[in-house]
Each structure stands twice: as structure tokens, then as C-alpha cells.
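>>> coords below, sequence missing:
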């Protein structure tokens, strides 16, 4: 019989994953809750060749811009969270959030079921 799967532990913290999305691309990053957003941006810098200063991370679905110097836990980023990545444009402004499959971070719709008697 196989053992039930348990989260791996690093430095007394359970490993977690976040989904960082931009356009049609999704990066699955392994991290721990005590990591800062700056550390996450450093991981992304290696993948996308964009300076941490040119990245902005936004927690979905509430569009909360994440603070570089706070931990993921401090900002309520949980396992399997969707985080949008936006990059700095030439005019020094950040691009708008552009995630192709927005349904990945929208809460499920409540469907009202009605019955009619005939």
C-alpha cells in the first residue's frame, strides 16, 4: 500500500507552489511561505531575463500588488495561488494584467437553481 502524500518540509515549513502567469505563459514556482516577493522575483529573473526592478507581481483575483520586502505568508499568498506578472514598459509604467485564461483565478460562479411546478 502506498503512503498518503504529505507536503515536503524545508526548514520546518511546508513547500508550496504558486502559479505566476503572464499572457499565455504560466510558471510553477516552488517556494516556502517565509520567502519574500523579492526572492520570487529573483527566481523569475533567471527564467525570463527581466530585472527584478522591471517586474511587478499581483495576487489574483483581488489585484493586490505584492510588496517586495514582505513574505508570501505576510501577504496571504497560499499554496497554488495565482500571481500575475507584469513588466515595466518603455515609458517606465507597468503593463496591465494580461492572463489569457482568466477563469484560472476567478472564483466559481454561484448558480441559482429554480424549479417550477406545472
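Cool, got the structure. Here the structure is a predicted model, which means the values were calculated and not measured.
>>> In contact with the residue nearest to residue 69 when sequence neighbours are not counted, which residues are there?
Sequence neighbours aside, residue 36 is the residue nearest to residue 69 in space, at 6.0 Å (criterion: Cβ to Cβ, 6 or more residues apart in numbering). Heads up, the C-betas are built off the backbone N, CA and C, glycines and all. The neighbourhood of residue 36, defined by Cβ atoms under 8 Å, 6 or more residues apart in numbering, consists of 68, 69, 70, 71, 72.
>>> Which one of those residues sits in the busiest neighbourhood?
residue 72 (24 neighbours; other Cβ atoms under 10 Å).
>>> Helix, strand, or coil at the spatially closest residue to that residue that is not a sequence neighbour?
In space, and not counting its chain neighbours, residue 72 is closest to residue 33: 5.2 Å by Cβ to Cβ, 6+ apart. Assigned with DSSP: H, G, I helix; E, B strand; the rest coil, residue 33 falls in the coil class.
>>> any idea how far residue 33 is from residue 74?
9 Å (Cβ to Cβ, to the nearest Å).
>>> Going along the chain, name the strands of the protein.
9-10, 13-14, 16-22, 25-31, 55-59, 64-65, 81-87 (DSSP state E).
>>> Now tabulate those in TSV and tack on mean pLDDT, mean neighbour count and distance to residue 44.
Formatted as TSV, the strands of the chain follow (pLDDT from 0 to 100; neighbours: other Cβ atoms under 10 Å; distance: least, Cβ to Cβ, whole Å):
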stretch	mean pLDDT	mean neighbour count	distance to residue 44
strand 9-10	61	11	19
strand 13-14	80	14	20
strand 16-22	96	19	7
strand 25-31	96	14	7
strand 55-59	98	21	6
strand 64-65	97	14	15
strand 81-87	97	20	7
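>>> mind listing what residue 18 touches?
Contacts of residue 18 by Cβ under 8 Å, 6+ apart are 28, 29, 31, 40, 72, 77, 79, 80, 81, 82, 83.
>>> rewinding a little: ok, the residue nearest to residue 69 to residue 22 distance?
Where residue 22 is concerned, residue 36 sits at a distance of 20 Å (Cβ to Cβ).
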